[in-house]
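In: The sequence isn't on hand, but the structure is:
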């Protein structure tokens, strides 16, 4: 019987090795897999490359992971936030590498990895600093930059409900990067608020089919809610 | 008040002009907008380019449109079917141009048009007849072919329910090309089995947001069911 | 270390918006440092500017409002007009902020502020959301700016200062995505320099992407021949505007 | 003109499949035209071939079964094993054909035949479906073939005849998409020629994409050194197989 549920977040992330590329879902707190990030912090893998829209804020979650200095590089669109002091300090002292990507190119590059696309021409960023040194082309009178997929070893995401096949549904704008990161990683680990019985999720409304998900951990709501 | 419903299929397709590129949804009968096709046949526009997965079968629907000889070119993946005699005869007599596209490249090219992608490298078709003369590139040890988006003037699609904003939900495998064609056309016309009141469609389950849909016509089930 | 020990440099005025428009407006809102010229000048208020933009957005339009000054536009959309607001983090038909106590941490806008959903709204993932933007499906986006050039180049994401931590968010996607890109900004910096320029000195967000500029002095259309003045604040002459704006301006056709 | 007046050339044996494998199998099923050699030879039956493929598909696998011979595999999947079937027209966890009268025209497979959905199944659109395939998420696909080359090139979509109407469907996407591409085919054509070849003479579907070949005579793995014989039908020697198969064959390690 297929059963992708694992008992704990620590078991779920236990095989993440030094040097791994790890995507982390979420846009702000919405869709942020807080418990999985905490498990990754406890888990001790070093020399990580992290893909997230931001670069952490406050002193918990992704910021706490960065503070361990086990992240070599971050690929994101918006590192600077009002409370991104952990990233800011590491960046200014040269202790973390930053690949800054326009948010839509970030999303499309992740999607391209999941979809087996080798590269694509995007109009976003053409003529800007973020396209410097990149291949460009004019197609039908419009200018484009060539961008490459971002693959990951692991994706850590948060969904609302999941079943033992790994089918997922999300909640409101917490959907954000979850479905595309799930498709772009060799191993996708989802924390869900609630386990659904097989057949309970409407087949018309499943957003991430289980084929993209390898491990699921149930983290009930009470534990998930946290003070921001 | 936004209200994308129009009273009839003939009104919905009335402005399709000679020379237009028209996408038609469906995979077999599932998702095929039969009444909109009939309206296009009645409407008399000539010199059309049609984008569909197939090239019609039997003597009705798309086959009947082809039989009018008002289709200059068809872009599809699988024209040959057991009862595709209308297309077969036109093709053999040189009366229709065929652009044959692997089905996944067809889908991705349509999606690229909707997503503003200028071109993309796909592994599908590399080293085959269908990539002859096309730009290729090796990326990270894999071979790819460069493919371009397919844009359309109109998309004719079929959905299950739609509201006055043009939000759509589909039914089972009738979803197929509908969502991507909706995004790739300047004007998307959807026939729906049932009109939904605004707010009745679950915001988590809307597959095609109304931003991609310009006109909706309600065609109740009785009229839609047809002998194949 | 606690947050209180940290320098407050490079912080976003609205706290972590993804639209990357740090200080693209607001320099002018304080009287301190303003030149005598700008102090004396007749100006549209920020609400007048927002109302003027709102007037140009028709029934049925799909619109993304950038953070900062552009968010004011939402308050001025005519009540009877159905206009659908998109946010790039995956929501269409956003409603106003929830009443206190009814915030949902899973329902936020691109500035990570709580919002609501109107009937007929929908959710989608990030790739679909940016496909919607990049594919040209939005009718309008309204953005703040540091500078706009006479040919419509936009600079609104980065000051280019050597110690700046760069952050771009969705700014570049918005700039090239919508059918009409409107810019709302003060006409002059606090030093009295025009933010409308021949060539942007700040790093670009997008090339030739702006269609119309709304400032506290005028409304101008980007055209192949120069900036066409659509509106002037009452009491300001075309010649006065031209003196303040070092690019080719075209008079409104009589 | 009615259908009855039309020539029946170029018709698909299963009626409009999208997997584009016209006559990729079946040449051998009629005794007419078979060579004396092939008549006398011990052979796996089609069900034995299907059962052999099924044995290689583990619990939890995501699988696309091409039309024709590969569809038989579904009948032989061990009952206790959960294996999820995908169809490229946008469905995962397909079940068997519905009972008569329970067909749903909106629930079909890639051959446009009615199917059912198992609990835990899901629907998605065509771009997502082919992203799933192209992105390498399927564990296995099983395809028919006209020819397979020693380096794993596949030819199964087009005879290359000048009057043929070409049709490709999802064949090329399937060929390059799955982690493991299995081919099921008769070993020899009805003229007794090997369908395993040094270089395909039919137009290719995909380059170096096949991982394992199941024929009525043998099971062979595509390796850098040649085709490694995994299984031989009882009563056939390695040397006899090698005589019928004009490419480098490797013996099973002892």
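Out: Right, received. Where do you want to start? Predicted, not measured: the structure shown is a model, and the values here were computed from it.

In: Any idea how many residues pack against the residue lying closest to residue A:116 once chain neighbours are set aside?
Out: Counting by C-beta to C-beta, 6 or more residues apart in numbering or on different chains, residue A:116 lies nearest to residue D:134, which is 3.4 Å off, once chain neighbours are set aside. Every residue, glycine included, has its C-beta placed from N, CA and C. By the measure other C-beta atoms under 10 Å in any protein chain shown, the count of residues near residue D:134 is 27.

In: And for residue A:195?
Out: Applying the criterion other C-beta under 10 Å, we find 15 residues in the vicinity of residue A:195.

In: Okay, and the beta partners of it?
Out: residue A:162 (DSSP bridges).

In: Quick check: it vs chain D, distance?
Out: According to C-beta to the nearest C-beta, to the nearest Å, residue A:195 stands 13 Å off from chain D.

In: State the distance from that residue to chain C.
Out: Counting by C-beta to the nearest C-beta, the gap between residue A:195 and chain C amounts to 19 Å.

In: wait, what's in contact with that residue?
Out: For residue A:195, the contacting residues are A:5, A:161-164, A:216, A:218, taking C-beta atoms under 8 Å, 6 or more residues apart in numbering or on different chains as the criterion.

In: now those residues in TSV, with pLDDT?
Out: Formatted as TSV, the entries for the contacts of residue A:195 read as follows, by pLDDT from 0 to 100:
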residue	pLDDT
A:5	98
A:161	98
A:162	98
A:163	98
A:164	98
A:216	98
A:218	98
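
In: ChimeraX command for the buried members of those?
Out: Remark: buried members of the contacts of residue A:195, expressed as a ChimeraX selection using 16 or more other C-beta atoms under 10 Å in any protein chain shown:
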select /A:161,162,163,164,216,218
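
In: which one of the contacts of residue A:195 sits closest to chain B?
Out: residue A:161 (10.8 Å; C-beta to the nearest C-beta).

In: so who does the closest one touch?
Out: Under the contact definition (C-beta under 8 Å, 6+ apart), the residues listed for residue A:161 are A:168-169, A:192-196, A:200-201.

In: Give me the neighbour count for residue C:213.
Out: The criterion is other C-beta under 10 Å. On that basis, residue C:213 has 24 neighbouring residues.

In: same deal with residue A:141?
Out: Other residues close to residue A:141 by other C-beta under 10 Å number 5.

In: same question, residue A:214
Out: By other C-beta under 10 Å, the residues close to residue A:214 number 19.

In: what's the answer for residue A:176, then?
Out: By other C-beta under 10 Å, the residues close to residue A:176 number 33.

In: wait, residue C:148 sits on residue C:197?
Out: Yes: with contact defined as C-beta atoms under 8 Å, residue C:148 counts as touching residue C:197 (7.4 Å).

In: on that earlier part again, give the contact list for the residue nearest to residue A:116.
Out: With contacts defined as C-beta under 8 Å, 6+ apart, residue D:134 is in contact with A:115-117, B:104, B:108, B:122-124, D:173, D:176-177.

In: now swap in residue C:199 and tell me
Out: The neighbours of residue C:199, taking C-beta under 8 Å, 6+ apart as the test, are C:149, C:153.

In: now the one 3 residues further on
Out: Residue C:202 makes contact with C:146-147, C:155, C:158-160 under the criterion C-beta under 8 Å, 6+ apart.

In: and it, which of the three is it?
Out: Three states are possible here, and by DSSP: H, G, I helix; E, B strand; the rest coil the one that applies to residue C:202 is coil.

In: about what we covered before: mark which of the contacts of residue A:161 are buried, thanks.
Out: With neighbours counted using 16+ other C-beta under 10 Å, the contacts of residue A:161 contain these buried positions: A:168-169, A:192-193, A:196, A:201.

In: In those, find the pair that's most separated.
Out: Spatial extent of these (C-beta to C-beta) is set by the pair A:193 and A:201 at 13.2 Å.

In: check whether the helix or strand encompassing residue C:122 contacts chain D.
Out: Assigning secondary structure by DSSP states H and E places residue C:122 in strand C:116-123. No: contact of strand C:116-123 with chain D is not found when judged by C-beta under 8 Å from any C-beta of the partner chain; the minimum separation is 15.1 Å.

In: average model confidence for that strand?
Out: Mean pLDDT, strand C:116-123: 98.

In: and that strand, which strands flank it?
Out: Looking at strand C:116-123 with DSSP bridges, its partner strands are strand C:91-95 (antiparallel).

In: Now for chain A, the helix or strand with the poorest mean pLDDT.
Out: Among the helical and strand segments of chain A, the one scoring lowest on mean pLDDT, DSSP states H and E is helix A:221-224, with a mean of 57.

In: returning to what we had before: just the ones in helices from the contacts of residue D:134, please.
Out: Counting by DSSP state H, the members of those that fall within helices are A:115, B:104, B:108, D:173, D:176-177.

In: Would you reformat the residues you listed as JSON lines and include neighbour count?
Out: Formatted as JSON lines, the entries for the ones in helices among the contacts of residue D:134 read as follows, by neighbours: other C-beta atoms under 10 Å in any protein chain shown:
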{"residue": "A:115", "neighbour count": "29"}
{"residue": "B:104", "neighbour count": "31"}
{"residue": "B:108", "neighbour count": "31"}
{"residue": "D:173", "neighbour count": "35"}
{"residue": "D:176", "neighbour count": "29"}
{"residue": "D:177", "neighbour count": "27"}
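
In: Check those against chain C and report the nearest one.
Out: Using C-beta to the nearest C-beta, residue A:115 is the member of the ones in helices among the contacts of residue D:134 that sits closest to chain C, with 9.3 Å.

In: Using the three-state scheme, assign the closest residue to the closest one other than its chain neighbours.
Out: Setting aside the residues directly before and after it, residue A:115 is nearest to residue D:131 in space (C-beta to C-beta, 6+ apart), at 3.5 Å. Here residue D:131 is recorded as helix under three-state DSSP.

In: For residue D:131, give me its contacts.
Out: Taking C-beta under 8 Å, 6+ apart as the contact definition, residue D:131 lies against A:111, A:114-116, A:183, B:108.

In: Which residue ranges of the stretch 101-250 of chain C form strands?
Out: For the stretch 101-250 of chain C, applying DSSP state E, counting those that start in this stretch gives strands covering C:116-123, C:140-143, C:147-149, C:154-155, C:180-184, C:196-197, C:212-214, C:218-223, C:226-232, C:249-250.

In: Name the residues that touch the last one?
Out: Applying C-beta under 8 Å, 6+ apart, the set of residues contacting strand C:249-250 from outside is C:220, C:223, C:225-229, C:238, C:241-242.

In: Which pLDDT value belongs to the residue minimising distance to the centre of chain A?
Out: For chain A, residue A:24 is the residue whose C-alpha lies nearest the centre (C-alpha atoms, centre = their mean; 2.7 Å). Residue A:24 is assigned a predicted lDDT (pLDDT) of 98.

In: gap between it and chain D?
Out: The value you get for residue A:24 to chain D, if C-beta to the nearest C-beta is used, is 20 Å.

In: which residues sit in contact with the residue nearest to that residue when sequence neighbours are not counted?
Out: Using C-beta to C-beta, 6+ apart and skipping residues adjacent in sequence, the residue nearest residue A:24 is residue A:52, 4.5 Å away. By C-beta under 8 Å, 6+ apart, residue A:52 lies in contact with A:23-26, A:62, A:74-76, A:177.

In: can you give me the strands in chain A?
Out: A:21-24, A:48-51, A:71-76, A:97-100, A:119-122, A:136-139, A:142-147, A:152-162, A:168-169, A:185-195, A:215-218 (DSSP state E).

In: I'd like to know which of the ones you listed is closest to residue C:51.
Out: Across these, the minimum distance to residue C:51, taken as C-beta to C-beta, is reached by strand A:142-147, at 33.7 Å.

In: Next one: residue A:36 relative to residue A:26, how far apart?
Out: When distances are taken as C-beta to C-beta, to the nearest Å, residue A:36 and residue A:26 turn out to be 10 Å apart.

In: higher neighbour count, those two?
Out: A side-by-side neighbour count of residue A:36 and residue A:26, using other C-beta under 10 Å, places residue A:36 first with 28 against 24.
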